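In: Could you work out the structure for the sequence below:
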Amino acid sequence: MVHFNRRMMIKGSLTAAGLSLLGACGQNRKPAVGPEPHKSGRTAAEVMKRATTFMHERCAHRGGYVWSYAADFSRRWGEMEAYPTMIWIQPPGTATVGHLFLDCYRATGDVYYYEVATDVAAGLVDAQHPAGGWNYLHDFAGAASTQRWYDTIGKNGWRLEEFHHYYGNATFDDSGTAEAAQFFLRLFLERREERYREPLELALGYMLDSQYQNGGWPQRFPFVADRPVLHGRPDYTRHITFNDDVAAENIKFLLMVWQTLGDRRALDAVKRAMNVFVMTQHPAPQAGWGLQHDAETLRLVGARSYEPEALATDATAGNIAMLLDFYEWTAEPRFLTRLPEAFDWLESVRLDADEVRIKGREFPTFVEIGTNRALYNHRRGSNVVNGEYYHDYNPDNPIAHSSQWRQIDLSSLRSRYETLQGVSARVLWEESPLNRRQQFELPRFFAPHHPSDMQVETLIATLNREGYWPAPLTFTSHPYLGDGPGTPVPGDYSQTFVGDDSDTSPYRTSTPEIGISTRTFISNMATLMQVAG
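Out: Below is the predicted model:
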């Protein structure tokens, strides 16, 4: 996952870079300039309404969405293939669509978008774990159906080990819980409807209850007695997790709660969270971080079978950026003290020019503790039954579904470090998100907007008669056929996204079918929204 842009909206303007995390939720857009006419007589506002009606009436299941749908609805997918009774929480899923509808309501003033946003909320309320968080997905057919999915489709997704066991709890992974929590905060603040206070309070309670005293968060919570050994590795879901911005996304939501509601519990949790970044930095000369750290000893630990017990350069760069944020918020020197050691370590593992395999990616993802040698992940076999992941020092033939090299702008991190040391503590505090302001406002728009060459007129013209934008479904998957054979099927699956026909992992296809993409809907609506007010 790409690290979010650490900025925020205060008093209607952007602070300096690094002063906050909140700006990743949305971005300033040009003010609405009125409906865009098309030669057919359609306007941007009309097309937005038709597209939303289609998604709401044809694609949604009890208010929730998945990532993509076959045109005839014979199949549908989130990160993996889903049952018709399922919704996907993991972005760009249900909460992402909810944010879009609130954006459309704010852009157009049309109450219809608020109403469909409340339908999304109803689905998320039903999907919310009693402890307050969310799983990657939710099956309205009940626990038995969910377990059947995990025992069939989930278990056979070779590269997607997070779906190989059904824990029955909720997760911070991939921002699903954080994004849904932000959605309920927005929805509550919009009209202060009491019916949204409870799911919001539950979500906040989930973040507070799951946080370790040292400030870190596990990947999954509440803890369950069933701690499986998967692929020969112990359960990793209780470890302190930096992977996929777990801590950063939680801090972002907590800052929103503090700024908008003044709940001091959120502020206290943010302050605790800042400590764990300092506590978990590895000793010099390997002064980096791992994707996960043991909750008690704080040592680096592995997770999935292609995430070895090693230092991780991308996690290190992300944590450096967070510590720079923390210094901006507090002016406390402890957040900067060991950053030169981290810079030196990253520089020590930068690949020579003749070692770079992917242009721009000059850092290996994983580095061995002690030796400082790059570790590379590989796999052999043809499916989850007969296959396995392993790592060594050989950069040849690495797995393709999880990058073994990273692009890190080390010079920018160093430059920001140098700049911050010249800023007075008074100036920093005046702009700090810890310094609550009564005039604070959340960003106006949250849904991700991906700029494209598509002009408004083109979007108006290409919405089809049914009411959606036909999109190539570039990722597909093998239908579940049963567990794979114990003997590898002939072929080389070492660098593919998918193994043999029993592997249910999604993969990129060279002959995509045309269907319905939630991501395309979100992006196109975000473009039209700019002119439909």
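In: show me where pLDDT drops low in the stretch 1-150 of the chain?
Out: Scanning the stretch 1-150 of the chain for pLDDT under 70 picks out 1-41.
In: Name the SS class of residue 516, please.
Out: strand (DSSP: H, G, I helix; E, B strand; the rest coil).
In: May I have the beta-bridge partners of the closest residue to it other than its chain neighbours?
Out: Sequence neighbours aside, residue 69 is the residue nearest to residue 516 in space, at 4.2 Å (criterion: CB to CB, 6 or more residues apart in numbering). For every residue, glycine as well, the C-beta is placed using N, CA and C. Per DSSP bridges, the residues bridged to residue 69 are residue 76, residue 516.
In: you'd agree residue 69 is up against residue 59?
Out: Yes: with contacts counted by CB atoms under 8 Å, residue 69 reaches residue 59, the gap being 5.9 Å.
In: helices or strands next to the helix or strand residue 185 falls within in the packing?
Out: Per DSSP states H and E, residue 185 falls inside helix 176-191. Here helix 176-191 is seen to pack against helix 94-108, helix 111-127, helix 197-210, helix 246-261 when contacts are counted using 3 or more CB pairs under 8 Å, 6 or more residues apart in numbering; DSSP states H and E.
In: okay, now residue 393: neighbour count?
Out: Neighbour count for residue 393, taken as other CB atoms under 10 Å: 10.
In: what's near enough to touch it?
Out: 373-376 (CB atoms under 8 Å, 6 or more residues apart in numbering).
In: would residue 494 count as being in a helix?
Out: No: the assignment for residue 494, made by three-state DSSP, is coil rather than a helix.
In: Against residue 373, how distant is it?
Out: Using CB to CB, to the nearest Å, residue 494 is found at 21 Å from residue 373.
In: Now list whatever residues contact both of residue 69 and residue 59.
Out: residue 516.
In: Neighbour count for the two, which is higher?
Out: Between residue 69 and residue 59, residue 69 has the larger neighbour count (other CB under 10 Å), namely 24 against 19.
In: my guess is residue 493 contacts residue 384, does it?
Out: No: counting by CB under 8 Å, residue 493 sits too far from residue 384 to count as a contact (11.2 Å).
In: which residues do the two both contact?
Out: residue 499.
In: on that earlier part again, so which of the helices and strands packed on helix 176-191 is the most packed in?
Out: The highest average neighbour count among those, using mean count of other CB atoms under 10 Å, belongs to helix 94-108 at a mean of 26.
In: list the helices and strands it packs on?
Out: Partner elements for helix 94-108 (3+ CB pairs under 8 Å, 6+ apart): helix 44-54, helix 111-127, helix 176-191, helix 518-529.
In: Report the angle between it and helix 518-529.
Out: 10 degrees (axes from the mean of the first three to the mean of the last three CA atoms, to 10 degrees).
In: tilt between helix 94-108 and helix 44-54?
Out: 150 degrees.
In: Report the distance from helix 94-108 to the chain centre.
Out: With CA atoms, centre = their mean, to the nearest Å as the basis, helix 94-108 stands 18 Å off its chain's centre.
In: right, and residue 221 touches residue 134 too?
Out: No: the criterion here is CB under 8 Å, and residue 221 misses it with residue 134 at 11.3 Å.
In: ok, of the contacts of residue 393, which come out buried?
Out: With burial judged by 16 or more other CB atoms under 10 Å, the buried subset of the contacts of residue 393 is 374-376.
In: Dump the residues you listed to JSON lines, plus pLDDT and secondary structure.
Out: Below are the buried ones among the contacts of residue 393 laid out as JSON lines (pLDDT from 0 to 100; DSSP: H, G, I helix; E, B strand; the rest coil):
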{"residue": "374", "pLDDT": "98", "secondary structure": "strand"}
{"residue": "375", "pLDDT": "98", "secondary structure": "strand"}
{"residue": "376", "pLDDT": "98", "secondary structure": "strand"}
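In: Return the closest of the residues you listed with respect to residue 80.
Out: Nearest to residue 80 out of the buried ones among the contacts of residue 393 is residue 376 (CB to CB; 26.0 Å).
In: does that closest one really touch residue 364, like I thought?
Out: Yes: the pair residue 376 / residue 364 is scored as a contact, 7.3 Å apart, by CB under 8 Å.
In: Mind listing the shared neighbours of these two?
Out: In contact with both residue 376 and residue 364: 395, 404, using CB under 8 Å, 6+ apart.
In: that older thread, residue 159: which of the helices and strands packed on helix 176-191 is closest?
Out: Short answer: helix 246-261, nearest of these by CB to CB, at 20.1 Å.
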